[in-house]
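Asker: Below are the sequence and a predicted model; questions follow.
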Amino acid sequence: MSGSFNFLIEQLQTFYEYTSFYNFTLGHGIMILIGLFFIYLAITKEYEPLLLIPIGFGIILGNIPYHPSIQIGVYDYCKGDIFSSGSCGSVLSYLYIGVRQGIYPPLIFLGIGAMTDFSTLLSNPRLILIGAAAQLGIFGAFTIALLLGFAPNEAGAIGIIGGADGPTAIFLSSKLAPEFMGAIAISAYSYMALVPVIQPPIMRLLTTKKERVIRMKPPRAVTKTEKILFPIVGLLLTCFIVPSGLPLLGMLFFGNLLKESGVTRRLANTASGPLIDIVTILIGLTVGASTQADVFLKKESVLIFALGAASFIIATAGGVLFVKFFNLFLSEDNKINPLIGNAGVSAVPDSARVSEMIGLHYDRTNHLLMHAMGPNVAGVIGSAVAAGVLLSFLY
């Protein structure tokens, strides 16, 4: 009888050792709280809910501790040939392949291209300069990261956070610094979601009341021919200069051609609807799940978050200050409202909405949204080009 009782106790002890209660650490608790905070922001504040809910839930999912012998996490993947190694790896690790190998970001860019209207940019091509100026944040953070002791490849991956472009950050970090990919991706998506909080104070600080009420000329009508030619010409120009940006830029312009050609509506609707939704779910959930406490809670992660904030601030300030400088050479009736300078970062369309919101606060009849969309979509192209530049000499 006592032998059976001891056996039962041993089995219960073994069972307990396999529970999350036994393997729980303070780090897991901290990360679960961060995941809950992301979900809270998404639901109550409506900050990028399509991103923050999958990421927040993924963080919780990735920080439910388990016994080391159980392969269920994103990092429990086959080290060799998955087809000859028998049963190995976890379901999450297979889904995470799309992040680790840079598969998901080009698919996201395909959907972005299929839903983006470049008319405002085409009607006023000078706005592309604002999108280029905002990339200052990427190279500013890259320089600071080098000064803090990060290796050049790591600094390049960290700097891309300044573009406020989550897919580009994932794509570049998967190539240059996969060990920091979780921190870089979470940082990029966090600052994308916090655009309405971070950018307005910078915009107000760097502009005068007179500048905030500048009225811009209505954008001219863009022909269908221009819209069709743009993705083809844009692809050739950008990718001949930066071939390493081809996976992102190629898919972006391909998606836009599907939209603007008028004869592939089904494909455009699929790319801009079901496809991008599915990939967003997968990329958000698996990136969140990659933030396991033992991998994520390190000094470097804190530095990456700080550098991400710095790069985002530099990018926003760079766009606003560039418009102010550019206005010195423009006539009074042709000036650009510097409040659209913040939209040079590629957080589409949230940064353009911030331009509209701040503009309406100072003049209820001055709508800046359409004007801000020009540098906003230029920022998408700019961040992909910047990623290609960094990849070309750091990979």
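Answerer: Structure received. Numbers count the residues shown, from 1 in each chain.
Asker: When you work out contacts or count neighbours from here on, use the C-alpha atoms and nothing else.
Answerer: OK.
Asker: In this structure Y362 contacts E211, no?
Answerer: No - assessed by C-alpha atoms under 8 Å, Y362 is found out of contact with E211, at 10.2 Å.
Asker: Point out where the protein drops to low pLDDT.
Answerer: Within the chain, the stretches with pLDDT under 70 are 1-3, 78-88.
Asker: Spatially central residue in it, please.
Answerer: The residue lying closest to the centre of the chain (C-alpha atoms, centre = their mean) is G166, at 1.3 Å.
Asker: what about it, distance to G273?
Answerer: 18 Å (C-alpha to C-alpha, to the nearest Å).
Asker: next one: G250
Answerer: Shown here: G250 relative to G273, a distance of 19 Å by C-alpha to C-alpha.
Asker: give me phi/psi at L275?
Answerer: phi -60, psi -50 (degrees, to the nearest 10).
Asker: Now it. Nearest residue, chain neighbours left out?
Answerer: Residue nearest to L275 in three dimensions, not counting chain neighbours: G111, with 7.1 Å by C-alpha to C-alpha, 6 or more residues apart in numbering.
Asker: Contacts only, for the one you found.
Answerer: Residues near G111 by C-alpha atoms under 8 Å, 6 or more residues apart in numbering: 252, 255, 268, 271-273, 275-276.
Asker: from the residues you listed, which ones fall inside helices?
Answerer: Among the contacts of G111, the ones falling in helices (DSSP state H) are 252, 255, 268, 276.
Asker: How about the contacts made by the last one?
Answerer: The neighbourhood of I276, defined by C-alpha under 8 Å, 6+ apart, consists of 107-108, 110-112.
Asker: swap the cut-off to 10 Å and go again
Answerer: By C-alpha atoms under 10 Å, 6 or more residues apart in numbering, the contact set of I276 is 104-105, 107-112, 114, 270, 282.
Asker: again, but for the third one
Answerer: With C-alpha under 10 Å, 6+ apart as the criterion, the residues that contact A268 are 110-111, 113-115, 254-262, 275.
Asker: Run through the helices of the stretch 201-350 of the chain in chain order.
Answerer: Applying DSSP state H, counting those that start in this stretch to the stretch 201-350 of the chain gives helices spanning 209-212, 224-241, 246-261, 265-270, 276-289, 293-296, 299-327, 350-362.
Asker: count of neighbours near T264?
Answerer: T264: 12 surrounding residues under other C-alpha atoms under 10 Å.
Asker: Repeat that for F329.
Answerer: F329: 10 neighbours (other C-alpha under 10 Å).
Asker: Need the phi and psi values for it.
Answerer: The phi/psi pair for F329 (degrees, to the nearest 10) is phi -110, psi 10.
Asker: before we move on, the earlier item: what's the closest of the helices of the stretch 201-350 of the chain to L148?
Answerer: For the helices of the stretch 201-350 of the chain, proximity to L148 was assessed by C-alpha to C-alpha; helix 299-327 is nearest, at 9.1 Å.
Asker: other SSEs contacting the closest one?
Answerer: Where contact means 3 or more C-alpha pairs under 10 Å, 6 or more residues apart in numbering; DSSP states H and E, helix 299-327 is packed against helix 128-133, helix 136-147, helix 152-159, helix 181-193, helix 195-206.
Asker: Specify the angle between that helix and helix 152-159 in degrees.
Answerer: 60 degrees (axes from the mean of the first three to the mean of the last three C-alpha atoms, to 10 degrees).
Asker: Would you mark the buried spots in helix 299-327?
Answerer: 301, 304-305, 307-324, 327 (16 or more other C-alpha atoms under 10 Å).
Asker: Likewise for stretch 115-132?
Answerer: For stretch 115-132, by 16+ other C-alpha under 10 Å, it's 115-124, 127-132.
Asker: Give me the distance between the two termini of that stretch.
Answerer: With C-alpha to C-alpha, one end of stretch 115-132 sits 21 Å from the other.
Asker: centre of the chain versus that stretch, how much separation?
Answerer: Put simply, stretch 115-132 sits 20 Å off its chain's centre (C-alpha atoms, centre = their mean, to the nearest Å).
Asker: Then stretch 307-317?
Answerer: The answer for stretch 307-317 is 14 Å, by C-alpha atoms, centre = their mean.
Asker: Same question for stretch 341-348.
Answerer: Mean-position distance between stretch 341-348 and its chain equals 12 Å (C-alpha atoms, centre = their mean).
Asker: Compute the first-to-last residue distance for it.
Answerer: Note: stretch 341-348 ends 14 Å apart using C-alpha to C-alpha.
Asker: For the residue lying closest to A289 once chain neighbours are set aside, which residues are in contact?
Answerer: Using C-alpha to C-alpha, 6+ apart and skipping residues adjacent in sequence, the residue nearest A289 is G62, 3.8 Å away. Applying C-alpha under 10 Å, 6+ apart to G62 gives the contacts 28, 31-32, 35, 56, 72-75, 92, 285-293.
Asker: likewise L368?
Answerer: For L368, the contact set (C-alpha under 10 Å, 6+ apart) comprises 214-216, 218, 337, 339-340, 352-360.
Asker: repeat that for 6 Å
Answerer: E356 (C-alpha atoms under 6 Å, 6 or more residues apart in numbering).
Asker: quick thing: my sequence starts at 21, can you match it?
Answerer: Okay, residue one is now 21; in that scheme the one you just asked about reads as L388.
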